[in-house]
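A.B. asks: build me a structure from this.
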Amino acid sequence: MDNVPVLTDEDLRFVVDTVGDERWGAGQGLDHLRAREDLLDVMLEDDRLVRSLLGDTRVMLRVSPALVFSVLLRRVIRDLNARPYTLERTPETVAVFDAPRVHRFVAEPAIWGYLVGMLTSFIRTETVTMFTKEGEHYRRRRFSTLNLEDMIELAGLVGERETPPIFQRIADIALFTSGIFPDYLRPRRGRAPRERWRAIPLTAETYEEHGRRFYRLAAGPEGRPNRRVLTALADEFPMARKVLELLSDRYLRWTRLSWFHMPC
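C.D. replies: Numbers count the residues shown, from 1 in each chain. This next block holds a predicted model:
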């Protein structure tokens with residue numbers, strides 16, 4: 001996964017239309033903006049972009065998810081810099097004075113860039129189809145890329161060279177679910193009957209364990225792409241989860257169910 005979010009021409013036009021003026025070199029064309037990453041970084045942190053994205057749902061039809069998450073994650077970084085604590089709900093809400101550490105973690109471009117790409121990947125539901133042999137017959141099996149158990153089963157059916165991206169997806173599902181949909185993993189009435197048929201318990205502890213484990217497996221040996229980022233996510237999984245929880249709670253609360261499909 002490329003850690004640099006790729007913005008479309010329409011994204012850049014939206015940015016220029018919303019915050020651009022002569023100070024930013026408006027009117028010099030999109031190539032000028034693409035060549036000036038420092039300039040684009042400043043524009044993406046403008047308050048007017050956040051207000052426009054959150055204030056009019058029609059805007060979402062114009063721009064790409066990569067732009068939306070680039071802007072909102074930058075706002076999360078700024079929020080973390082403005083207060084000394086984060087909140088943990090286990091099950092009571094407790095203030096933990098670790099915001100500076102979480103801020104340093106997510107402010108690294110490689111980390112927040114990875115998170116933008118990961119969030120974007122959950123916008124669309126995809127399936128992988130394989131034929132598995134059962135006795136004398138072959139059976140077609142579909143695996144959802146949103147389902148933790150499906151991806152773990154798929155990893156056991158493919159060759160060793162094909163497992164790293166599947167391991168990465170398993171870890172991404174664990175992080176995405178525990179960060180964007182934390183309530184999905186919290187105890188509540190009526191959950192016990194559903195858990196009887198699940199191989200993986202729906203708990204934050206279990207998903208963190210799987211996230212750490214599979215990010216490490218995906219990182220693999222030296223020289224593998226994204227190894228440093230994947231290792232950091234394995235080591236600091238709770239911090240990455242807190243970043244997504246803050247994003248979800250502050251900026252996606254009313255839209256996340258329409259943007260994302262609930263994990264299976």
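A.B. asks: give me the buried positions along stretch 116-136.
C.D. replies: Neighbour counts using 16 or more other Cβ atoms under 10 Å place 116, 117, 118, 119, 120, 121, 122, 128 of stretch 116-136 among the buried residues. Quick note: C-beta positions are derived from backbone N, CA and C, even for glycine.
A.B. asks: which of these fall within helices?
C.D. replies: With helices defined by DSSP state H, the entries of the buried residues of stretch 116-136 inside them are 116, 117, 118, 119, 120, 121.
A.B. asks: out of the residues you listed, flag the one nearest to residue 180.
C.D. replies: Nearest to residue 180 among these: residue 119, at 7.8 Å, using Cβ to Cβ.
A.B. asks: next up, the contacts around the closest one.
C.D. replies: Contact analysis of residue 119 by Cβ atoms under 8 Å, 6 or more residues apart in numbering lists 65, 69, 176, 180, 244.
A.B. asks: make it 6 Å
C.D. replies: The contact partners of residue 119, taken as Cβ atoms under 6 Å, 6 or more residues apart in numbering, are residue 69.
A.B. asks: just residue 49 next, same as before
C.D. replies: If you count contacts by Cβ under 6 Å, 6+ apart, residue 49 has them with 18, 71.
A.B. asks: state the distance from it to residue 9.
C.D. replies: If you measure residue 49 against residue 9 using Cβ to Cβ, to the nearest Å, the figure is 17 Å.
A.B. asks: got it, and residue 232?
C.D. replies: To residue 9, residue 232 is 32 Å away according to Cβ to Cβ.
A.B. asks: can you check residue 215 too?
C.D. replies: From residue 215 over to residue 9 the distance is 34 Å, taken as Cβ to Cβ.
A.B. asks: in terms of neighbours, single out the busier of the two.
C.D. replies: residue 215 (27 against 10; other Cβ atoms under 10 Å).
A.B. asks: which pLDDT value belongs to the more buried one?
C.D. replies: Residue 215 is assigned 98 on the pLDDT scale.
A.B. asks: phi, psi of residue 113?
C.D. replies: Backbone torsions for residue 113, taken as degrees, to the nearest 10, come to phi -60, psi -40.
A.B. asks: residues near it, how many?
C.D. replies: 19.
A.B. asks: distance of it from residue 177?
C.D. replies: As judged by Cβ to Cβ, residue 113 and residue 177 stand 21 Å apart.
A.B. asks: cool, residue 253 as well?
C.D. replies: 16 Å.
A.B. asks: between these two, which one's more packed in?
C.D. replies: residue 177 (26 against 10).
A.B. asks: for that one, give its distance to residue 147.
C.D. replies: 10 Å.
A.B. asks: and for residue 86?
C.D. replies: Residue 86 sits 29 Å away from residue 147, going by Cβ to Cβ.
A.B. asks: what's the strand or helix carrying residue 167 packed up against?
C.D. replies: Element membership for residue 167 (DSSP states H and E) is helix 163-180. Here helix 163-180 is seen to pack against helix 148-155, helix 204-219, helix 237-251 when contacts are counted using 3 or more Cβ pairs under 6 Å, 6 or more residues apart in numbering; DSSP states H and E.
A.B. asks: how about those helices, which one is nearest residue 39?
C.D. replies: Ranking the helices and strands packed on helix 163-180 by distance to residue 39, with Cβ to Cβ as the measure, places helix 237-251 first at 24.0 Å.
A.B. asks: go through the helices and strands packed on helix 163-180 and name the closest to residue 75.
C.D. replies: Among the helices and strands packed on helix 163-180, if distance is taken as Cβ to Cβ, the winner is helix 237-251, at 6.8 Å.
A.B. asks: which residues are contacting that closest one?
C.D. replies: If you take Cβ under 6 Å, 6+ apart as the criterion, helix 237-251 is touched by 72, 76, 86, 102, 105-106, 175, 178-180, 182, 208, 211-212, 233, 256.
A.B. asks: can you tell me the helix or strand for residue 139?
C.D. replies: Taking DSSP H and E as the criterion, residue 139 maps to strand 137-144.
A.B. asks: please apply the same query to residue 70.
C.D. replies: helix 65-82.
A.B. asks: can I get that helix in CSV, CA atoms only?
C.D. replies: Provided in CSV are the C-alpha atoms of helix 65-82 (Å, rounded to 0.1, in the frame of the first residue of the first chain):
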residue,chain,number,x,y,z
PRO,A,65,-12.3,9.5,0.1
ALA,A,66,-8.5,10.0,0.1
LEU,A,67,-9.0,13.8,0.3
VAL,A,68,-11.7,13.4,3.1
PHE,A,69,-9.5,11.3,5.3
SER,A,70,-6.4,13.3,4.5
VAL,A,71,-8.1,16.5,5.8
LEU,A,72,-9.8,14.9,8.8
LEU,A,73,-6.8,13.0,10.0
ARG,A,74,-4.8,16.2,9.9
ARG,A,75,-7.5,17.7,12.1
VAL,A,76,-7.1,14.8,14.5
ILE,A,77,-3.4,15.5,14.7
ARG,A,78,-4.1,19.1,15.5
ASP,A,79,-6.7,18.1,18.1
LEU,A,80,-4.1,15.8,19.8
ASN,A,81,-1.6,18.7,19.9
ALA,A,82,-4.2,20.9,21.6
